[in-house]
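Asks: Provided below are the primary sequence and the corresponding predicted coordinates.
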Amino acid sequence: QKEVEQNSGPLSVPEGAIASLNCTYSDRGSQSFFWYRQYSGKSPELIMSIYSNGDKEDGRFTAQLNKASQYVSLLIRDSQPSDSATYLCAAMGDYKLSFGAGTTVTVRA
Amino acid sequence: GAGVSQSPSNKVTEKGKDVELRCDPISGHTALYWYRQSLGQGLEFLIYFQGNSAPDKSGLPSDRFSAERTGGSVSTLTIQRTQQEDSAVYLCASSSLGKYEQYFGPGTRLTVT
């Protein structure tokens, strides 16, 4: 079993809609969680970090963390074609990041 | 400010040759990480340096892989006797002291023929 699991997608949403990405993790010792965006042929770009239960909002992005359920999510509001990318969920243990396989999002104009 | 830089951006080598990949972290960042991204394995941790402490090498896949960090800044990842399964994108990341966010460089795409 992988340490971090993501819904495999691909996820296709119309422009202006909400994209919802989910992630679960197996290591209860993980305390820090991150979402990275990766465009095709590029390296991962950090878009959100979350450390406490609840919601964290940054612009059109909202990350949610539920440590009891070992669940992390990312909402992208008012999705734009420029949001089309692969989104990687990562959990930190002992300063190392464990990544999910990623969810590919396509925003239809 | 400047981000993490890596060189070369692309490297094609023959099976059995040694390669060196370089990473220059964000100025002032004390922690440096190497990861590898391949189609079959996703993004996986290789090695972690924090300041002058002994590195965490727990992710290195074999003893053909080694890394060093000179002067607490630039790091070199060396792969000896390369194999075709070493073909991947090698990514370097850095973070500042007391912070958990890791920022990635552009990566080196290694192709072993």
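Replies: Looks like it came in fine. Only a predicted model underlies this, so the values are computations on that prediction, with no experimental measurement involved.

Asks: okay, CA-based contacts and neighbour counts for the rest of this
Replies: Fine.

Asks: Tell me the secondary structure of the closest residue to chain B within chain A, please.
Replies: Among the residues of chain A, residue A:43 lies closest to chain B, at 5.3 Å counting by C-alpha to the nearest C-alpha. Secondary structure, DSSP: H, G, I helix; E, B strand; the rest coil: residue A:43 is coil.

Asks: Could you see whether chain A lies near the helix or strand bottoming out on mean pLDDT in chain B?
Replies: When the helices and strands of chain B are scored by mean pLDDT, DSSP states H and E, strand B:42-50 comes last with a mean of 94. Yes: for strand B:42-50, a contact with chain A is found by C-alpha under 8 Å from any C-alpha of the partner chain, at B:42-45, B:48.

Asks: Can you give me the buried ones in that strand?
Replies: B:43-50 (16 or more other C-alpha atoms under 10 Å in any protein chain shown).

Asks: Quick one: low-confidence residue ranges for the chain.
Replies: All of this is about chain A. Applying pLDDT under 70 to chain A flags the ranges A:1-2.

Asks: Please refer instead to chain B.
Replies: Along chain B, segments meeting pLDDT under 70 span B:1.

Asks: now residue B:45, nearest residue through space, not along the chain?
Replies: Among residues not flanking residue B:45 along the chain, residue B:35 sits closest, at 4.5 Å (C-alpha to C-alpha, 6 or more residues apart in numbering or on different chains).

Asks: The host helix or strand of the one you found versus strand B:42-50: what angle between them?
Replies: Using DSSP states H and E, the element containing residue B:35 is strand B:31-38. Orientation check (axes from the mean of the first three to the mean of the last three C-alpha atoms, to 10 degrees): strand B:31-38 against strand B:42-50 gives 160 degrees.

Asks: Now for the residues of strand B:42-50 next to chain A: which two are most distant?
Replies: Spatially, the most separated pair among these is B:42 and B:48, at 18.1 Å (C-alpha to C-alpha).

Asks: counting contacts, what elements does the least confident helix or strand of chain B pack onto?
Replies: strand A:96-99, strand B:31-38 (3 or more C-alpha pairs under 8 Å, 6 or more residues apart in numbering or on different chains; DSSP states H and E).

Asks: Swap in 10 Å and give it another go.
Replies: Other helices and strands packing on strand B:42-50, by 3 or more C-alpha pairs under 10 Å, 6 or more residues apart in numbering or on different chains; DSSP states H and E, are strand A:96-99, strand B:31-38, strand B:65-69, strand B:75-79, strand B:88-95.

Asks: Give me the helices and strands touching the strand holding residue B:35, please.
Replies: Counting contacts by 3+ C-alpha pairs under 10 Å, 6+ apart, strand B:31-38 is packed against strand A:96-99, strand B:19-24, strand B:42-50, strand B:75-79, strand B:88-95, strand B:103-104, strand B:108-112.

Asks: try 6 Å this time
Replies: Judged by 3 or more C-alpha pairs under 6 Å, 6 or more residues apart in numbering or on different chains; DSSP states H and E, strand B:31-38 is in contact with strand B:42-50, strand B:88-95.

Asks: Can you add distance to residue B:27 and give the ones you listed back as JSON lines?
Replies: JSON lines is the format used below for the helices and strands packed on strand B:31-38 (distance: least, C-alpha to C-alpha, whole Å):
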{"stretch": "strand B:42-50", "distance to residue B:27": "14"}
{"stretch": "strand B:88-95", "distance to residue B:27": "9"}
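
Asks: Can you name the residue of chain B nearest chain A?
Replies: Closest residue of chain B to chain A, C-alpha to the nearest C-alpha: residue B:106 (5.3 Å).
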